[in-house]
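**Q** just coords:
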């Protein structure tokens, strides 16, 4: 399945801002004590990182100060070559203004995502192009249903391949009888009318149902620097 569906970042942020900052790892472990040391010059003055030696210069200090001053208003990930921030619109603009020369791009989640329940996801394309529901099964499913019930579920899914898809190897192995135990997984069904028979035959092992809503006019925006 494609991973660009419009779920809010960290459950609350609509904006993702990415910067090209291969030296940002110098801020590790990102505690206030470490950041303060970088800002006032009491921490290390250089570090070998990403095959280069980086000095604690003004850009490192500026990033350390920005994170220290704003960490409660955003989430961030400093990867090997990139720095990624998740925040609201105002903080996203502030980030781009402060670190314009390193900005790579931004992504904005569709505003409808904030109004959806936790098991509903809006997406630019449905999983495998047509499936609206993802059925997650419990990790202890092998303790909850009999062999005959398991066979019923397997045959139903196999006989409705136009409307059902098992993409999880763990689920295939369990339902097909290749494995005695089940450690979770999921399968897809095409539309709402298939939910009723699924609940009737597999209710004991259903953990949750994720509903995917396709945006006809995609509202999530991706902005990249030109």
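**A** Ah, there it is. No experiment lies behind these values; they were computed from the predicted model shown.
**Q** tell me the domain ranges of the chain?
**A** Using automatic domain parsing, the domain parsing of the chain gives 15-109, 120-214.
**Q** averaging pLDDT over each of these, which comes out lowest?
**A** Taking each of those in turn, the lowest mean pLDDT turns up on domain 15-109, with a mean of 85.
**Q** end to end, how far does that one reach?
**A** End-to-end distance of domain 15-109 (Cα to Cα, to the nearest Å): 6 Å.
**Q** now do the same end-to-end measure for stretch 85-105.
**A** End-to-end distance of stretch 85-105 (Cα to Cα): 11 Å.
**Q** For that stretch, list every residue counted as buried.
**A** Residues 85, 86, 87, 91, 92, 94, 95, 96, 99, 102, 103 are the ones in stretch 85-105 that count as buried (16 or more other Cβ atoms under 10 Å). From N, CA and C alone the C-beta is placed, and that goes for glycine too.
**Q** show me where this protein has strands.
**A** Under the criterion DSSP state E, strands of the chain are mapped to 15-20, 46-49, 52-55, 75-78, 82-87, 103-108, 120-123, 133-137, 164-165, 185-189, 206-214, 221-224.
**Q** The closest residue to residue 94 other than its chain neighbours: how many residues sit nearby?
**A** Counting by Cβ to Cβ, 6 or more residues apart in numbering, the nearest residue to residue 94 once its immediate chain neighbours are dropped is residue 70, at 7.8 Å. Applying other Cβ atoms under 10 Å, we find 16 residues neighbouring residue 70.
**Q** surely residue 70 meets residue 91?
**A** Yes - Residue 70 lies in contact with residue 91 (Cβ atoms under 8 Å); the separation is 6.7 Å.
**Q** So which bits of stretch 161-169 are buried?
**A** Buried residues in stretch 161-169, defined by neighbour count with 16+ other Cβ under 10 Å: 163, 164, 165, 166, 168.
**Q** ugh, wrong one, I meant stretch 118-131
**A** Residues of stretch 118-131 classed as buried: 121, 122, 123, 126, 127, 131 (neighbour count, 16+ other Cβ under 10 Å).
**Q** Could you do stretch 177-188 as well?
**A** Buried residues in stretch 177-188, counted by 16+ other Cβ under 10 Å: 182, 184, 185, 186, 187, 188.
**Q** rewinding a little: from the buried residues of stretch 118-131, which two are the most distant?
**A** 122 and 131 (14.8 Å; Cβ to Cβ).
**Q** rewinding a little: please identify which pair of the buried residues of stretch 161-169 lies farthest apart.
**A** The largest separation in the buried residues of stretch 161-169, counting by Cβ to Cβ, is between 163 and 168 at 17.0 Å.
**Q** where along this protein do the helices fall?
**A** If DSSP state H is used as the criterion, the helices of the chain fall at 32-40, 58-70, 89-98, 147-159, 169-175, 195-202.
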